[in-house]
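S.K.: A predicted structure for the sequence below; I have some questions about it.
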Amino acid sequence: MDQDKQANGGSKGEQPISLKDQIISRIREQDQATRDSGAPAGSFKSPAGRGGAKSSPRPGGGFFRPSLHHMAAYARELSTLIEVGIPLLKSLQILGERSTDKKLRRASQDLARRVEEGQTLSAAMEANPSVFSSQFVGTVRVGEAAGILDKSMGRLADMLERRLSVKRRVIGALAYPAVAIVVEIVIVILILVYALPKLAAAYPDQSQLPALTKALLGFSAYMQHNWYWVVAAVVAVIVLFGLFRRSRSGRYITDKALLHLPVFGSLARKLNVEQFTRTLGNLTSAGIPLIDALAVTADTAPNAVVSARVHEARDTVEKGGKMETALRKDPIFDPMVVDMVMVGDEAGALDTMLGKIADNYDSAVDASLRTMTALLEPLLIVMLGLAVGFVAVACFQPYVYLVKNPALIVE
């Protein structure tokens, strides 16, 4: 739809066509084409042309959901379609034809079939867990119950777009350190596999070499003859860690450890607080009750520790208490943040206060990323220098012995 928007933006000097006008124009064109073909307006046809068939393809399998960019665009388009007065079924049919992501197209077709059969949109999305996250389903369910589905979807699009922006900033800041670390590893491997064997050939009697050189040559020989075991060990560690992360206790332990790392822990805490306040603020400002908003926020929290605390806060509020009791249990939430949340809640301006906290933490995340990048760059340079220097010393130390013992030199 963005491409169509640019294409229909008008020539220079003309007023750009709004998104709503584009959608209405497309609906009229589609209905006119449907009438010309003799089919009833609004009838749904599967991509295979089996008009009237009661089955549509389920979203394909696959390990990954559609990208955050596609999900944000999908939520925005669905919100706009409903906002301009297009029926839900018709909106899903349009998205089933026009979504740029194949999984979302198939999912929209399945949603349209289920809604046409009488299911709610949230129930239909819940039947497609490979596409729609718990945040998506929970936001839609609350929006349906409150009769503000268009606003809920708009707020969801805002949250996803904001999260995408933060994700891009984090990836951009960590790209250089990641590349530098990979380069360091490759350089060390090349030295061990290619350079050291040639050096070892110059010393027929390695028993008289310095201990540092012998250790390095032994490690190089082991890597040459057993590299596949090293690769297998690395893969096994990654797989075992992934399985551990998939368990409830494993995810909680690793997420808690992440929040207490020396450099990345502070950044992770700020990111989680920013997402918590942004999500809860957007949901409450859309008219969603606090209990339901806390439930959705907890289900969509990327960190298991944060999710547990927000779930506790939701249970406390449901029992008539204050959510600060649960939020103060963990140092993730600074006392100042909890105090500001409670002041906003008591003043009846919780959504406004949460938005301000989120904006402040968004700026803090940017500052932390700049600081971390500034610190990592010289640190990585020093690490690379130490690694190469260690190998260089181990390689050239034997020349001191060769000067003192010329008989060790190969004729």
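M.R.: Now that the structure is in, tell me what you want to look at.
S.K.: for the helix or strand hosting residue 142, packing partners?
M.R.: If you go by DSSP states H and E, residue 142 is part of helix 134-146. In terms of contacts (3 or more C-beta pairs under 8 Å, 6 or more residues apart in numbering; DSSP states H and E), helix 134-146 is packed against helix 121-126, helix 149-190, helix 264-285, helix 290-300. Any C-beta I mention is one placed from the backbone N, CA and C, and that applies to glycine too.
S.K.: Try it again at 6 Å.
M.R.: On a contact count with 3 or more C-beta pairs under 6 Å, 6 or more residues apart in numbering; DSSP states H and E, helix 134-146 meets helix 121-126, helix 149-190, helix 290-300.
S.K.: what's the most buried one of those helices?
M.R.: Highest mean neighbour count among the helices and strands packed on helix 134-146 (mean count of other C-beta atoms under 10 Å): helix 290-300, with a mean of 22.
S.K.: Can you name the residues in contact with the following helix or strand past that helix?
M.R.: Of the helices and strands lying after helix 290-300 in sequence (DSSP H and E), the nearest is helix 304-318. Applying C-beta atoms under 6 Å, 6 or more residues apart in numbering, the contact partners of helix 304-318 are 251-252, 255-256, 272, 291, 294-295, 297-298, 301, 323, 325-327, 330.
S.K.: now do 7 Å
M.R.: 251-252, 255-256, 259, 272, 276, 290-291, 294-295, 297-298, 301, 322-323, 325-327, 329-330, 332 (C-beta atoms under 7 Å, 6 or more residues apart in numbering).
S.K.: Let me see the mean pLDDT of the helix or strand following it.
M.R.: Where DSSP H and E defines the elements, the next helix or strand beyond helix 304-318 is helix 324-327. Helix 324-327 carries an average pLDDT of 81.
S.K.: Name the residues of helix 324-327 that are buried.
M.R.: Burial within helix 324-327, assessed by neighbour count using 16 or more other C-beta atoms under 10 Å, is assigned to 324, 326, 327.
S.K.: Which elements pack onto that helix?
M.R.: Taking 3 or more C-beta pairs under 7 Å, 6 or more residues apart in numbering; DSSP states H and E as contact, the helices and strands that helix 324-327 lies on are helix 304-318, helix 335-346.
S.K.: Kindly compare burial across those and name the winner.
M.R.: Mean neighbour count (mean count of other C-beta under 10 Å) peaks for helix 304-318 among the helices and strands packed on helix 324-327, with a mean of 20.
S.K.: That helix vs helix 335-346, what angle?
M.R.: Relative orientation of helix 304-318 and helix 335-346, computed by axes from the mean of the first three to the mean of the last three C-alpha atoms, to 10 degrees: 30 degrees.
S.K.: how big is the angle separating helix 304-318 from helix 290-300?
M.R.: Using the same axes, to 10 degrees: helix 304-318 against helix 290-300 is 170 degrees.
S.K.: quick check: angle from helix 304-318 to helix 264-285?
M.R.: Using the same axes, to 10 degrees: helix 304-318 against helix 264-285 is 30 degrees.
S.K.: Return helix 304-318 as PDB; C-alpha atoms alone will do.
M.R.: Output of helix 304-318 as PDB, limited to C-alpha atoms (Å, rounded to 0.1, in the frame of the first residue of the first chain):
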ATOM      1  CA  ALA A 304      10.200 -13.300  31.500                       C
ATOM      2  CA  VAL A 305      11.100 -11.500  34.700                       C
ATOM      3  CA  VAL A 306       9.200  -8.400  33.500                       C
ATOM      4  CA  SER A 307       6.300 -10.500  32.400                       C
ATOM      5  CA  ALA A 308       6.100 -12.200  35.800                       C
ATOM      6  CA  ARG A 309       6.100  -8.900  37.600                       C
ATOM      7  CA  VAL A 310       3.400  -7.400  35.400                       C
ATOM      8  CA  HIS A 311       1.300 -10.500  35.800                       C
ATOM      9  CA  GLU A 312       1.600 -10.000  39.600                       C
ATOM     10  CA  ALA A 313       0.600  -6.400  39.200                       C
ATOM     11  CA  ARG A 314      -2.400  -7.400  37.200                       C
ATOM     12  CA  ASP A 315      -3.500  -9.900  39.800                       C
ATOM     13  CA  THR A 316      -3.000  -7.300  42.600                       C
ATOM     14  CA  VAL A 317      -5.100  -4.800  40.700                       C
ATOM     15  CA  GLU A 318      -7.800  -7.400  40.100                       C
END
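S.K.: tell me the mean pLDDT for it?
M.R.: The predicted model assigns helix 304-318 a mean pLDDT of 88.
S.K.: mind listing what the closest residue to residue 126 other than its chain neighbours touches?
M.R.: With sequence-adjacent residues excluded and distances taken as C-beta to C-beta, 6 or more residues apart in numbering, residue 126 is closest to residue 137, at 5.0 Å. Residue 137 makes contacts with 122, 125, 126, as judged by C-beta under 7 Å, 6+ apart.
S.K.: Please report the distance of the closest residue to the second one other than its chain neighbours from residue 333.
M.R.: Going back to what we said before, that points to residue 125. The shortest distance from residue 125 to any non-neighbouring residue, by C-beta to C-beta, 6+ apart, is to residue 132 (4.2 Å). Distance from residue 132 to residue 333, counting by C-beta to C-beta, to the nearest Å: 29 Å.
S.K.: go on, residue 80?
M.R.: Counting by C-beta to C-beta, the gap from residue 80 to residue 333 is 35 Å.
S.K.: for residue 192, same thing?
M.R.: Taking C-beta to C-beta, one finds residue 192 at 47 Å from residue 333.
S.K.: between those two, who's got more neighbours?
M.R.: residue 333 (23 against 20; other C-beta atoms under 10 Å).
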